[in-house]
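A.B. asks: return a 3D structure for these sequence lines:
(chains A and B)
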Amino acid sequence: MRRYCSVLGLAARSTFWRVLAATLLSCGAEAALFLITLYGWPFVVYGPDQAWKANNPMGLEGLIAHSHIALCFGLGLLAVCAALAFLGWEGSGCRTGYTLRRLRVGERALSLLWGGYGAACLVIYWAAHAGTVLALCGAALPRLSEEAASPLSLFLACYRSPYLHALLPLEDVWLLARNLLLCAGLGLGMAAFTHERSHGGRAWGWIPLALCAALLFPLPMGAFPFGELDPAFLPYLEHEVRIYAGASIAPGLSALLLTAGSAGVLVNSLIHIGGRAAYEK
Amino acid sequence: MLELNHVRKSYLGSCPALNGVSLSIGPGEIVGLFGANGAGKTTLLKCVLGLLKYEGSITLDGEAVTHRNIARLSFATCEHSFFPGLTPAAHRDFYREHFPTFRERRFDALIDFFALPLHRRARGLSTGQKNQLEVTLALSQGADYILMDEPFAGNDVFNREDFYKLLLGLLEPEETLFLSTHLLEEVRHFISRAVLLDKGAVAGDMTAAALEEQGLNLMDFVKTSLHYREDRVLNTLEQLDDGEEE
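C.D. replies: You can find the predicted model right below:
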């Protein structure tokens, strides 16, 4: 057991600080964008030449959408993936692969362990962003407009805001499964990349998946056609904010693309890691 | 016994790097592997370690080299195979965990001998120190067969000479050293057998005792076996002179 822990320790030593830095920077950028939007929110908006004016009530989902904090998540995710993909990177002119192949844990077990480590790092990244956004929403609650302020504001925002919904799917188990599959697919995909590189091969599957994840991570409720939607939510979702995905095909497609892509990369990575014998002739 | 039978290796788009190499290396031997650049020395060592695909067979006491017995081989290479982010002390902990026969006392003795900083990351060491760490790890792993590929490229002559002296006293009778180097003069008193490679094939294989019996020294043996042309310098200079006169 200690042997496995020591190879995990090796992975952590080479990537942990980079992953932590990318996570903290993206969370910090997210907080900065959110607070700038919060304190600069125009409660009344005017038309050209002040021909008309309208109330602009501040709601949590509006704040999240207008602050574009999902961009920070996407860029941070790419940075974390880049850091993890260089796990076992033979920098400084070293061929660490020569030593890794002599370890008794076996090269396949090593790659699977590193895949698990990568997936765990991504789950932590996801949790860090969920925590940051929840803390920001908590800070914004006292400043919400009367129309949007209610004891259930945060709860409803988790269903109304695609980004917050993707971070905290609550009862949307399909979205939860997509996120977990994405973490597993990316984690193993990057481990397969490292594994193949040490054999002079290539396993690039994680790169398009990471790009898609960065772009398509926010997902509104009901994007999965087979996911059941509690009818009680419909009045809040369809009529008030019109972001429920049931009427549009795009969220469904993006949900399908990312889920199928994650599953594909996961299977492909397992084939790469499992298929290449370390001492083959 | 490390046995290589008809080992062949070709790289894409080039002539064979190894062309049917057959060798047997027994316990306790100190084998020098010599040959010109491109003769296939590094390729041969990498094939033994399973780092390259090859044709033929390589066995360790009759068994193919797999992850079950790979720890019986260690490798010191001028490319360096240590972890640049780890300190020598962290390497010691890591090796102790992964190689049950790790020789901790030997590791400490070699670290002292080379005066390596125990708590500085390997990437921060000088080139010479990196070589020394690489050799220290290969010798301390507790392997039966220690493979070295130009381990002291870039080290000063005093360090090398002292190290070879130390090595003679350090190695246990059952430990085997397979050393690829160009530094013939420095290792001639130290090796028990010389294997010469030329264009991917064994061009000569003789023990130090046999060389002594025949009244040959290692350099003569290498030059004869590899068909070294004594006159090539003179010929080139004469060609240059002729060109200038015209």
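A.B. asks: tell me the SS of the closest residue in space to A:A263 that isn't next to it in sequence?
C.D. replies: Distances taken as C-beta to C-beta, 6 or more residues apart in numbering or on different chains place A:L181 nearest to A:A263, at 6.1 Å, with adjacent residues excluded. For glycine as for every other residue, the C-beta is placed from the backbone atoms N, C-alpha and C. Following DSSP: H, G, I helix; E, B strand; the rest coil, A:L181 is assigned to helix.
A.B. asks: now do the contacts for A:L181.
C.D. replies: A:T259, A:S262, A:A263, A:L266 (C-beta atoms under 8 Å, 6 or more residues apart in numbering or on different chains).
A.B. asks: so which of those residues wins on neighbours?
C.D. replies: Neighbour counts for the contacts of A:L181 (other C-beta atoms under 10 Å in any protein chain shown) peak at A:S262, which has 25 neighbours.
A.B. asks: any idea how far it lies from A:T15?
C.D. replies: 21 Å (C-beta to C-beta, to the nearest Å).
A.B. asks: equivalent analysis for A:A82, please.
C.D. replies: 10 Å.
A.B. asks: and the two? Which one has more around it.
C.D. replies: A:T15 (24 against 15).
A.B. asks: hang on, that one packs against A:L87?
C.D. replies: Yes. With contacts counted by C-beta atoms under 8 Å, A:T15 reaches A:L87, the gap being 5.2 Å.
A.B. asks: distance between stretch A:143-162 and the chain's centre?
C.D. replies: 23 Å (C-alpha atoms, centre = their mean, to the nearest Å).
A.B. asks: from chain B, how far out is the residue nearest to A:A263?
C.D. replies: Note on A:L181: its distance to chain B, by C-beta to the nearest C-beta, to the nearest Å, is 30 Å.
A.B. asks: show me which residues of chain B sit near chain A.
C.D. replies: B:49-51, B:53-55, B:64-67, B:70-71, B:73-75, B:77, B:79-86, B:93-94, B:97-99, B:122-123, B:141 (C-beta under 8 Å from any C-beta of the partner chain).
A.B. asks: restricted to helices, list those.
C.D. replies: Using DSSP state H, B:D93, B:F94, B:E97, B:H98 are the members of the residues of chain B next to chain A that sit in helices.
A.B. asks: neighbour-wise, which one of these leads?
C.D. replies: B:F94 (23 neighbours).
A.B. asks: list the contacts of it.
C.D. replies: A:S6, A:L10, B:F83, B:L86.
A.B. asks: go on, A:G187?
C.D. replies: A:G187 neighbours (C-beta under 8 Å, 6+ apart): A:L84, A:G115, A:G116, A:Y117, A:G118, A:A119, A:A120, A:C121, A:L122.
A.B. asks: now with 10 Å, please.
C.D. replies: Applying C-beta atoms under 10 Å, 6 or more residues apart in numbering or on different chains, we find A:G187 in contact with A:81, A:84, A:112, A:114-123, A:206, A:265-266, A:269.
A.B. asks: can you name the next helix or strand after the host helix or strand of it?
C.D. replies: When elements are assigned from DSSP states H and E, A:G187 belongs to helix A:173-198. Remark: after helix A:173-198, the chain's next helix or strand is helix A:206-216, criterion DSSP H and E.
A.B. asks: list the buried residues of that next one.
C.D. replies: By neighbour count on 16 or more other C-beta atoms under 10 Å in any protein chain shown, the buried set for helix A:206-216 is A:W206, A:I207, A:L209, A:A210, A:C212, A:A213, A:A214, A:L216.
A.B. asks: just the pLDDT at the fifth one, thanks.
C.D. replies: A:C212 carries a pLDDT value of 94.
A.B. asks: I'd say it and A:G261 touch.
C.D. replies: Yes. Using C-beta atoms under 10 Å, A:C212 is in contact with A:G261, at 5.8 Å.
A.B. asks: what is in contact with the two at once?
C.D. replies: Contacts common to A:C212 and A:G261, judged by C-beta under 10 Å, 6+ apart, are A:L182.
A.B. asks: tell me where the stretch 1-150 of chain A has helices.
C.D. replies: Along the stretch 1-150 of chain A, counting by DSSP state H, counting those that start in this stretch, helices occupy A:2-39, A:60-67, A:69-85, A:96-100, A:107-140.
A.B. asks: counting by contacts, list what the fourth one packs against.
C.D. replies: Secondary structure elements in contact with helix A:96-100, counted by 3 or more C-beta pairs under 10 Å, 6 or more residues apart in numbering or on different chains; DSSP states H and E, are helix A:2-39, helix A:107-140, helix A:173-198, strand B:73-77, helix B:88-98, helix B:127-140.
A.B. asks: tell me the most buried of those?
C.D. replies: strand B:73-77 (a mean of 26; mean count of other C-beta atoms under 10 Å in any protein chain shown).
A.B. asks: using PDB, list the CA coordinates for it.
C.D. replies: Taking C-alpha atoms only, strand B:73-77 is exported to PDB below (Å, rounded to 0.1, in the frame of the first residue of the first chain):
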ATOM      1  CA  LEU B  73      18.400  -4.700 -13.300                       C
ATOM      2  CA  SER B  74      19.400  -1.100 -12.600                       C
ATOM      3  CA  PHE B  75      20.400   1.600 -15.100                       C
ATOM      4  CA  ALA B  76      22.600   4.600 -14.900                       C
ATOM      5  CA  THR B  77      22.400   6.700 -18.100                       C
END
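A.B. asks: list the contacts of the residue nearest to B:S81 when sequence neighbours are not counted.
C.D. replies: The shortest distance from B:S81 to any residue other than its chain neighbours is 3.8 Å, reached at A:Y98 (C-beta to C-beta, 6+ apart). Under the criterion of C-beta under 10 Å, 6+ apart, the neighbours of A:Y98 are A:E90, A:S198, B:K46, B:L49, B:L51, B:F75, B:A76, B:T77, B:E79, B:H80, B:S81, B:F82.
A.B. asks: from A:G138, how far out is A:Y98?
C.D. replies: From A:Y98 to A:G138 the distance is 51 Å (C-beta to C-beta).
A.B. asks: B:T181 now?
C.D. replies: Distance, B:T181 to A:G138, by C-beta to C-beta: 67 Å.
A.B. asks: one more: A:A250?
C.D. replies: 31 Å.
A.B. asks: quick revisit: joint contacts of A:T15 and A:L87?
C.D. replies: A:W114, A:Y117, A:G118, A:C121, A:M190.
A.B. asks: can I get the residues you listed in a markdown table including pLDDT and distance to A:T37?
C.D. replies: Listed next are the shared contacts of A:T15 and A:L87 as a markdown table, based on pLDDT from 0 to 100; distance: C-beta to C-beta, whole Å:
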| residue | pLDDT | distance to A:T37 |
| --- | --- | --- |
| A:W114 | 93 | 39 |
| A:Y117 | 95 | 35 |
| A:G118 | 95 | 32 |
| A:C121 | 96 | 29 |
| A:M190 | 93 | 33 |
